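Asker: got a predicted structure here, sequence first:
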Amino acid sequence: MTTAAPYTFLSPALIVTLLIVFIPIVYTISLSFMNYVIWKPNEIGFIGLRNYIDAWADEVFRISLGNTFVWIIGVIALQLALGFVAALILNQRFPFRGVARALILIPWVTPSVITALMWRWMYDGNMGVINDLLVRSGMLERYVPWLAQSTTALPAIMVALMWQGFPFFAVMILAGLQAIPTELYEVADVDGAGIFQKFFRITLPMISPILFTTILLRTIWVANSLDIIFIMTGGGPGYSSYTLPLYSYIKAYRGLDFGFAGTIAVYLTILLITVVTLYVIRVVRTEDRLR
Amino acid sequence: MRRTISLTLALLLVVSVVAFATGGQEAQEEQVVRFWYHFDDPETALTPLITKFESENPGISIQAERVPWDAYYQRLLTAVAAGNPPDVAQVKLWWQPQLVELGALLPLDSYIAKWDGRDDVYDRIWELTEYTDGKQYLMPLQMVVLYMYYRVDMFEELGLDIPTTRDEFLDVAKALTRDTDGDGEVDVYGFGIRGARGGHDWWGSFVLSSGAEFFDRFGNIGLTTPEAIAANQWFIDLYREHGVSPPTTPNDGFREIVANMQNGVTAMTIHHIGSARGMHDALGDKISAFPVPMGSDGVWTSFGDEENAVFAATDVPDAAFKWASFLAEAENNALWQESSGQVSINKSNANLPQGDLDRFFKATSDSTPFAGVLPAHPATAEFVEAVWPATMQRAFLGEITSREMMETFAEHFSE
């Protein structure tokens, strides 16, 4: 086998990746340095860092950036917590466990558009089922317009995304749990370890590589997801549920300002790369310490 | 023998060349018009119109593509920017400035001058659709005029008269806002306001009729005058101060507005003939319509339009115009409206019987004389799509004042 052979075999995949990923990225970065409003063809041109500087003076950008942090941290924490609980339950022995493990995947395989429309109607402030149940059970006095208040709109969408995304965590964590040798727990029992000791000393360290990968993947996906927000509130009311990808989308396709939209996208990319890098460094250090 | 073979071969060659050439000619003659359209109702079929057109115009075929409304304009503009727009597309008037700015549209004046159907289209529509450079880029297709839907049964129950002024409207809306089941909570609201995208028509009916105008006759922005700010405050107060619209108002879109009306959550709302069938089917005689009330400075309602544009990049301009004009001819236009549920642009279709929807058509024609459009300005499209909804919602939530809201609009149009 010559040295060229691996490259030959890899080249189809590399070329496709280059075409559909690398070129659009380079194009977006180049747009971000331009004044590029699609219906003003005569004004299109290079403007250096103007968009990058203007972004910080833009109130909507700052609101979107803050919301993006809340969005990522909130959704990941909620999904992780619910996914973990679901995985621990599904790891127990009970009748129809196989069926339950299959059913739990339903939210995950439901298209985002359907999820968003379903939750939008469930949250409806005049006839939504969530309000109805909460009022009937006495937890609320009157119907709440969940998606029409700036304080509740983003949290309400986060709950919808938690519902959609937690099965992925559950399934991944379940796979990790099943890979833990039962001998470890037996030995711990012999040593007189309690339930919390077993969880923190055996379960958590054993599934940490899986948790690490899952959180990393979900952070990237959640940060980029805008379809659910777009359908449920369109970013509103006001700018209270704007996140960076949504703002970028609205700037590009409602405002037709592809230059500024590109800048927002690049800022989001920088943010994600930073978060991911810090996270990877931290996890690698922790794992080294454990070894 | 060899000679026979050579002759045969030569003959075959000639025959195939001739066949190829004529075949090629036929292929050249077959003109394909790519047409983009959108309908609210996904069940709608264009097929009968296309079949009729193709049988009347041999050699032209229509390749129609239904594009979902939410992504319609962005797809159209990106297709234009990519140099590959359709030949003909259904468009809105407020997109015209940007499309003309891009050089995307073909002026149709010379075609329309030779077209027989010109005089059968309402003169007001030609006036409204003519661009500021004096050219006609759009072929009228359908129209709607917004009016007020109201619950007849609730008006009768409370002994209310149809309001004709802004003040009467507020009184009626307050009276209709009430607790009907005695649990201490309001469950019927007087007026359903669309606070999400598309709600500028609700806003315009009260604010543009009471002293606010996008541009005055000298071309100055007239949105930040004391009258304009007061009119805007009056509109904000419908929700914030008087609570005559549901708490969900800031986020209510088309679906919520219609559902609230059909479910008895609201007693009045603004919309056009497009929702009349659904309203009638849900509520029967309990629902009717009247023109929007008069403001402090006249009366204004939104003229909702759809036109067909022929794109400058087309290779088949004649065929493209034929299709666009075919759809604007009375008989075909009436067929189109059967699918779209909107109003024909032809004078000769004015008296077509509308059966159980007559009262809504009457409200439409009563409202036509004062129906207006948003300014023919390149900033209008973004105003409608993004600026109005976000700014209005912030004002509804009390995050900004009426003045700040109007200044945001003024700034948007002065850029």
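Answerer: Received the coordinates, thanks.
Asker: give the residue spans of the chain that score low on pLDDT.
Answerer: Answering for chain A, as no chain was given. Confidence mapping of chain A against pLDDT under 70 gives the ranges A:1, A:290-291.
Asker: my bad, the chain I had in mind was chain B
Answerer: Judged against pLDDT under 70, the low-scoring parts of chain B cover residues B:1-29, B:40-45, B:353-354.
Asker: could you measure from B:L170 over to B:Y239?
Answerer: In this structure, B:L170 lies at 12 Å from B:Y239, with Cβ to Cβ, to the nearest Å as the measure. Just so you know, the C-beta spots here come from the backbone N, C-alpha and C atoms, and that holds for glycine as well.
Asker: who are the packing partners of the strand ranked longest in chain B?
Answerer: Under DSSP state E, the strand in chain B containing the largest number of residues is strand B:301-310. Contact partners of strand B:301-310 among helices and strands, from 3 or more Cβ pairs under 8 Å, 6 or more residues apart in numbering or on different chains; DSSP states H and E: strand B:88-91, helix B:123-129, strand B:138-145, helix B:200-207, helix B:317-327, strand B:371-372.
Asker: list the buried residues of the fifth one.
Answerer: Within helix B:317-327, the residues that qualify as buried by neighbour count (16 or more other Cβ atoms under 10 Å in any protein chain shown) are B:317, B:319-327.
Asker: just give me how far it sits from the chain centre.
Answerer: Averaged C-alpha coordinates place helix B:317-327 at 21 Å from its chain's average position (Cα atoms, centre = their mean, to the nearest Å).
Asker: try the third one
Answerer: For strand B:138-145, the distance from its own C-alpha centre to the chain's C-alpha centre is 8 Å (Cα atoms, centre = their mean).
Asker: leaving out chain neighbours, which residue sits closest to B:S205?
Answerer: The shortest distance from B:S205 to any residue other than its chain neighbours is 4.4 Å, reached at B:V292 (Cβ to Cβ, 6 or more residues apart in numbering or on different chains).
Asker: helix or strand right after the helix or strand that contains A:W108?
Answerer: Element membership for A:W108, per DSSP states H and E: helix A:106-109. Next along the chain after helix A:106-109, taking DSSP H and E as the criterion, comes helix A:112-122.
Asker: that following helix near chain B at all?
Answerer: No - Helix A:112-122 stays clear of chain B (Cβ under 8 Å from any Cβ of the partner chain), getting no nearer than 8.8 Å.
Asker: show me the strands in chain B, by range?
Answerer: For chain B, the strands defined by DSSP E occupy B:31-37, B:60-66, B:88-91, B:138-145, B:147-151, B:213-215, B:221-222, B:268-271, B:287-290, B:301-310, B:371-372.
Asker: pull out the buried residues from the fourth one.
Answerer: Neighbour-count burial for strand B:138-145, counted by 16+ other Cβ under 10 Å, picks out B:138-145.
Asker: between that strand and strand B:31-37, how many degrees?
Answerer: Comparing the axes of strand B:138-145 and strand B:31-37 via axes from the mean of the first three to the mean of the last three Cα atoms, to 10 degrees yields an angle of 30 degrees.
Asker: who's in contact with the nearest residue to A:M34 once chain neighbours are set aside?
Answerer: Here the nearest residue to A:M34 in space, its sequence neighbours aside, is A:G259; by Cβ to Cβ, 6+ apart that works out to 4.6 Å. Going by Cβ atoms under 8 Å, 6 or more residues apart in numbering or on different chains, A:G259 touches A:31-37, A:47, A:51.
Asker: can we see that at 10 Å?
Answerer: Contact analysis of A:G259 by Cβ atoms under 10 Å, 6 or more residues apart in numbering or on different chains lists A:30-38, A:44-47, A:50-51, A:251-252.
Asker: rewinding a little: as a markdown table, the helices and strands packed on strand B:301-310 with distance to B:F396 would be great.
Answerer: Conversion of those to a markdown table gives the following (distance: least, Cβ to Cβ, whole Å):
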| stretch | distance to B:F396 |
| --- | --- |
| strand B:88-91 | 30 |
| helix B:123-129 | 30 |
| strand B:138-145 | 26 |
| helix B:200-207 | 11 |
| helix B:317-327 | 39 |
| strand B:371-372 | 24 |
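Asker: which among these is found nearest to A:I281?
Answerer: Each of the helices and strands packed on strand B:301-310 has some distance to A:I281 by Cβ to Cβ; the shortest is helix B:200-207, at 49.6 Å.
Asker: pull the CA atoms of that closest one into PDB?
Answerer: Taking C-alpha atoms only, helix B:200-207 is exported to PDB below (Å, rounded to 0.1, in the frame of the first residue of the first chain):
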ATOM      1  CA  HIS B 200     -49.500  46.200  11.400                       C
ATOM      2  CA  ASP B 201     -52.900  46.200   9.700                       C
ATOM      3  CA  TRP B 202     -54.700  46.300  13.100                       C
ATOM      4  CA  TRP B 203     -52.300  49.100  14.200                       C
ATOM      5  CA  GLY B 204     -52.800  51.000  11.000                       C
ATOM      6  CA  SER B 205     -56.500  51.100  11.200                       C
ATOM      7  CA  PHE B 206     -56.400  53.100  14.400                       C
ATOM      8  CA  VAL B 207     -53.100  54.900  14.200                       C
END
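Asker: quick one: distance of it to the chain centre.
Answerer: Relative to the centre of its chain, helix B:200-207 is centred 15 Å away, using Cα atoms, centre = their mean.
Asker: by contact count, what packs against that helix?
Answerer: Using 3 or more Cβ pairs under 10 Å, 6 or more residues apart in numbering or on different chains; DSSP states H and E as the contact criterion, the secondary-structure elements in contact with helix B:200-207 are helix B:166-176, helix B:226-240, strand B:268-271, strand B:301-310, helix B:388-396, helix B:402-414.
Asker: any chance of the ones you listed in CSV with mean neighbour count and distance to B:V67 as columns?
Answerer: Rendered in CSV, the data for those read as follows (neighbours: other Cβ atoms under 10 Å in any protein chain shown; distance: least, Cβ to Cβ, whole Å):
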stretch, mean neighbour count, distance to B:V67
helix B:166-176, 19, 37
helix B:226-240, 19, 33
strand B:268-271, 25, 23
strand B:301-310, 24, 13
helix B:388-396, 25, 22
helix B:402-414, 18, 27
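Asker: just put these in a markdown table and tack on distance to A:L103.
Answerer: A markdown table is the format used below for the helices and strands packed on helix B:200-207 (distance: least, Cβ to Cβ, whole Å):
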| stretch | distance to A:L103 |
| --- | --- |
| helix B:166-176 | 46 |
| helix B:226-240 | 42 |
| strand B:268-271 | 41 |
| strand B:301-310 | 46 |
| helix B:388-396 | 38 |
| helix B:402-414 | 48 |
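Asker: which one of those lies nearest to A:L184?
Answerer: Put simply, out of these the one that sits nearest A:L184 is helix B:388-396, at 54.9 Å, with distance taken as Cβ to Cβ.
Asker: how about the contacts made by residue 72?
Answerer: Chain wasn't specified; assuming chain A. For A:I72, the set of contacting residues under the criterion of Cβ under 10 Å, 6+ apart consists of A:218-220, A:222-224, A:243, A:271-272, A:275.
Asker: oops, wrong one, chain B.
Answerer: By Cβ under 10 Å, 6+ apart, the residues touching B:Y72 are B:36-38, B:66, B:89-92, B:95.
Asker: including neighbour count and distance to A:M232, could the residues you listed go into CSV?
Answerer: Conversion of the contacts of B:Y72 to CSV gives the following (neighbours: other Cβ atoms under 10 Å in any protein chain shown; distance: Cβ to Cβ, whole Å):
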residue, neighbour count, distance to A:M232
B:W36, 23, 28
B:Y37, 22, 28
B:H38, 20, 22
B:R66, 16, 25
B:A89, 29, 29
B:Q90, 23, 28
B:V91, 25, 29
B:K92, 19, 25
B:W95, 24, 26
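Asker: chain A: which of those residues is nearest?
Answerer: Chain A has its nearest neighbour among the contacts of B:Y72 in B:W95, at 9.4 Å by Cβ to the nearest Cβ.
Asker: neighbours of B:S110, how many?
Answerer: Burial measure for B:S110: 10 neighbouring residues, criterion other Cβ atoms under 10 Å in any protein chain shown.
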